[in-house]
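Student: Test case, fold it:
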Amino acid sequence: MFVIERSHLVPNPFDADPSSTIVIVNSDLGTPNRQARIALKRHVPWATPSEGRLTLRSHGPDQVGDRRNLRDLDERSGESFFAERQRRWVNRIDGLLILAAPATVLREWGMTLTGLGQRWYNGSAATELDWPVKDGEVQVFRDFDERVSAAIVARRRLFPGREHAEMNADERQQVWSLGAAQRE
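Tutor: Okay, here's the model as predicted:
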C-alpha cells in the first residue's frame, strides 16, 4: 500500500475541493476493507514526521519499453495475463481515493501515465485508468498552477469560510465557472 496524504496535494483545479488522500494498492496482496480504511484514516495525517525516505522499485519505461511489451514482461516474471488478473478498483470512499489493481494492471497504468502530456488538446491531456468503465480519469494541464489559483480565489469569493467544506454540484459549477472566467 502506497499512501499520499492530503498535506502533499493541492486542491483540484476546477472548484478547489480539497484533494482526497490517495491510496495505491497492489490487489494481488489484498485490498483495503472497511476496518483497514478506518485504521488508515485514524493515522492520516501522520502524527509524526517520516523517519526516512521510501524508494519505489519498479520496471521503468526504459526497461518495459511500451504497452505491447507488458504481456512479455508478465510471461518473463511468471505472471499470467488472464482476465481475472485484470480486476481493478477505482473509488473515493471514506475520504480516500483508492486505486487498487493487480501488479500487471498497476504496471499498465504506470506506462499509460508516463505517456500523458505527449499529445495535448487545448492545453490538456487525459486518460481513463479504468477504461472502458470510465473511472479514474487522470488529467494534466499546461496551466495547472493558474487553474488551482483561480479556483481557490473563486471559491473564497463565492463561499467565504468554506475552503474545506463539502459542496453540492451547483456550488461546484459556480466556482468552476468563475474560476474559468478569471483565467480568461
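Student: Going by C-alpha atoms from here, please, whenever you check contacts or count neighbours.
Tutor: Fine.
Student: where does I4 land on pLDDT?
Tutor: Here, the pLDDT recorded for I4 equals 87.
Student: I figured it hits I22, correct?
Tutor: Yes: between I4 and I22 there is a contact at 5.1 Å, judged by CA atoms under 8 Å.
Student: and the residue nearest to E5 when sequence neighbours are not counted, what is it in contact with?
Tutor: Nearest residue to E5, sequence neighbours excluded (CA to CA, 6 or more residues apart in numbering): T21, at 4.5 Å. By CA atoms under 8 Å, 6 or more residues apart in numbering, the residues touching T21 are V3, I4, E5, R6, G95, L96, L97.
Student: ok, 7 Å please
Tutor: I4, E5, R6, G95, L96, L97 (CA atoms under 7 Å, 6 or more residues apart in numbering).
Student: just checking, next helix/strand downstream of the helix or strand of the chain with the lowest mean pLDDT?
Tutor: Least confident element among the helices and strands of the chain, by mean pLDDT, DSSP states H and E: helix 70-76 (a mean of 51). Remark: after helix 70-76, the chain's next helix or strand is strand 89-93, criterion DSSP states H and E.
Student: Show which residues not belonging to that next one make contact with it.
Tutor: Here strand 89-93 has contacts from L97, I98, L99, A100, A101, D135, G136, using CA under 7 Å, 6+ apart.
Student: hmm, try it at 8 Å
Tutor: S20, L97, I98, L99, A100, A101, D130, D135, G136.
Student: Next, count neighbours for M1.
Tutor: The burial count assigned to M1 is 13, neighbours taken as other CA atoms under 10 Å.
Student: and if you look at V105?
Tutor: With other CA under 10 Å as criterion, V105 counts 21.
Student: In what element of secondary structure is it found?
Tutor: V105 is part of helix 103-114 when elements are defined by DSSP H and E.
Student: now for that helix, which elements pack on it?
Tutor: Other elements packing on helix 103-114 under the criterion 3 or more CA pairs under 8 Å, 6 or more residues apart in numbering; DSSP states H and E are helix 70-76.
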